[in-house]
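>>> A structural model of the following input is requested.
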Amino acid sequence: MAVVVFAVMIAGTIERLLVNRLAQDLVSQAGLIAGQVAEDLASGDQRTVARALVLIDNETTARGLVVDALGSLVGATEIEQREGLGRRNDEVGLATALAGQTVSVVLPRSGPESEVLYVALPIVWQERVVGAIRLAYTLRDIEATIRQINIGIAVGAVVTVAIAAALSAGLAGAITTPIRALSHATRGLAAGELDQQLDLKTRGEVGELVEAFNQTAARLHEYEVARREFASDVSHELHALASAMQTAALALERGADAEPALRERLVTGLVGHTRRLGRLADDLLELARLEGGRLAIERAPVPLVGVAQQAVAEWTAEASWRQVTLELVADGSPIVHGDHERLVQAAGNLVENALKHTPRAGSVGVRVWSDQSGHHLEVHDTGQGIPPESLPFIFHRFYRVEGRSGGGPTGMGLGLAIVDRIVRAHGGEVSVTSEPGVGSTFHITLPHSTRA
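Numbering: from 1, shown residues only. Next up, the predicted model:
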């Protein structure tokens, strides 16, 4: 529609320009003729004026006539107009021209022979108006030109519309095709088909949308797999604990408490199983609070060295039992604004994780220092390391590295997820670097001010 409207406007503009150009040409021609007949008209030699108009008729396609100062017809290019020689001619524009003004008028098109344009201007001799001349063009003289112009514009408009339609169809297809595929895949995702992936070569905003969908679908699929594995692990853990506790309880019920040594082993086992069950419940509740934003952080100035010392002290016995060296190195005494107990919990989880995956005679080192980028707590172990493909997911809840699962609840992928949530709640970040067969390093960075 825009192209059609533009084409009509262009056609109208070109036609107006053509008519204006014709008017200028007519005024020029009329001026030349007026200059040739002015002296004869002033001297009353009307025959010479009439002969001049007859000669002019052979040189131009314009229809012309000349009147004297009284408005009487003196000469004309058209034979039918010559019959009125000597009589007053009151055609439009002559009176105005006799008054000394130039007239250029476009008349309505009432038929193929009607006048389209005429000009009238005074004939002046020695600063005196001695008559007037009038020239006119008929419709058929410009109709062919206008028709050719309109045809050219129409053809150009049609070609433009066709090209625009083709480009629009291609552009629309480039957008609607991936959008339609994305809509179909989204419905599948909503129906539970979490393995959706779109293989579309698309650029721009639509390409970014497709890429975001693929990442979202992959993450949902990953979470669904983790959820199923977690449900299986929790079920297995609860079943194992319940079976062990039931076995011990039945043994005691049947008289096993009569033997002190056996009774002690059974009671110790029951206490350990109960602690593992409580730890599992606590970790699940803790993670739910952290992810739901319901965890209360009691902020106060906290020495980061004190956090590390308490975490190391809590796991010194475990390190000794595992025959792993556990050491703390502190460079300075950085102070952070945070929750002491939560920070100890995060550091303790990292130390526990390192101890579980470090073989006998290995070492776990905890280091605390501060620099311009913030306050740092680092836990390094000489364990089996983490495969590179697992590093991006190590802090996801329920994620476990194949071959690194250990006993207890943290073996189900909750400990590191809790560390990540606690550190982020303090405005910091936790990262990991690892080399399989060499060891891993977990790095907590807290900003100088964590009041936000």
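>>> which stretches in the stretch 351-452 of the chain count as helices?
Assigned by DSSP state H, counting those that start in this stretch, the stretch 351-452 of the chain shows helices spanning 415-425.
>>> I figured Glu435 hits Pro387, correct?
No - using C-beta atoms under 8 Å, Glu435 makes no contact with Pro387, being 10.2 Å away. Any C-beta I mention is one placed from the backbone N, CA and C, and that applies to glycine too.
>>> now do the shared contacts for the two.
Here Glu435 and Pro387 have no joint contacts, going by C-beta atoms under 8 Å, 6 or more residues apart in numbering.
>>> count of residues packed around Arg367?
For Arg367, the tally of surrounding residues (other C-beta atoms under 10 Å) stands at 17.
>>> need the per-residue pLDDT for it.
Looking at Arg367, its pLDDT stands at 95.
>>> now stretch 27-39, how far from the centre of its chain.
69 Å (C-alpha atoms, centre = their mean, to the nearest Å).
>>> same deal with stretch 335-355?
41 Å.
>>> which residues touch Ala154?
Contacts of Ala154 (C-beta under 8 Å, 6+ apart): Ala7.
>>> domains in the chain, as residue ranges please.
Residue ranges for each domain of the chain read 2-145, 204-291, 300-446, as given by automatic domain parsing.
>>> dump those domains into a markdown table; add distance to Ile151 as well.
Below are these laid out as a markdown table (distance: least, C-beta to C-beta, whole Å):
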| stretch | distance to Ile151 |
| --- | --- |
| domain 2-145 | 10 |
| domain 204-291 | 40 |
| domain 300-446 | 66 |
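>>> most tightly packed of those?
domain 300-446 (a mean of 18; mean count of other C-beta atoms under 10 Å).
>>> now the end-to-end length of that domain.
14 Å (C-alpha to C-alpha, to the nearest Å).
>>> look up how far Val158 lies from Gly152.
In this view, Gly152 and Val158 are 11 Å apart by C-beta to C-beta, to the nearest Å.
>>> hey, least reliable of the domains of the chain by pLDDT?
Across these, domain 204-291 gives the lowest mean pLDDT, at a mean of 74.
>>> those helices in the protein, which residues are they?
2-43, 46-57, 79-82, 94-98, 139-190, 204-253, 260-291, 304-314, 316-322, 340-356, 415-425 (DSSP state H).
>>> between these, which gets nearest to Thr445?
helix 415-425 (8.2 Å; C-beta to C-beta).
>>> give me the angle between the closest one and helix 340-356.
Calculated by axes from the mean of the first three to the mean of the last three C-alpha atoms, to 10 degrees, helix 415-425 forms an angle of 150 degrees with helix 340-356.
>>> mind exporting the C-alpha coordinates of helix 415-425 to PDB?
Extracted in PDB, the C-alpha atoms of helix 415-425 (Å, rounded to 0.1, in the frame of the first residue of the first chain):
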ATOM      1  CA  GLY A 415      27.300 -30.100  50.600                       C
ATOM      2  CA  LEU A 416      28.800 -28.000  47.800                       C
ATOM      3  CA  ALA A 417      25.400 -26.600  46.800                       C
ATOM      4  CA  ILE A 418      24.900 -25.400  50.400                       C
ATOM      5  CA  VAL A 419      28.400 -23.700  50.200                       C
ATOM      6  CA  ASP A 420      27.500 -21.900  47.100                       C
ATOM      7  CA  ARG A 421      24.200 -20.600  48.500                       C
ATOM      8  CA  ILE A 422      25.800 -19.400  51.800                       C
ATOM      9  CA  VAL A 423      28.600 -17.600  50.000                       C
ATOM     10  CA  ARG A 424      26.200 -15.900  47.500                       C
ATOM     11  CA  ALA A 425      24.000 -14.800  50.500                       C
END
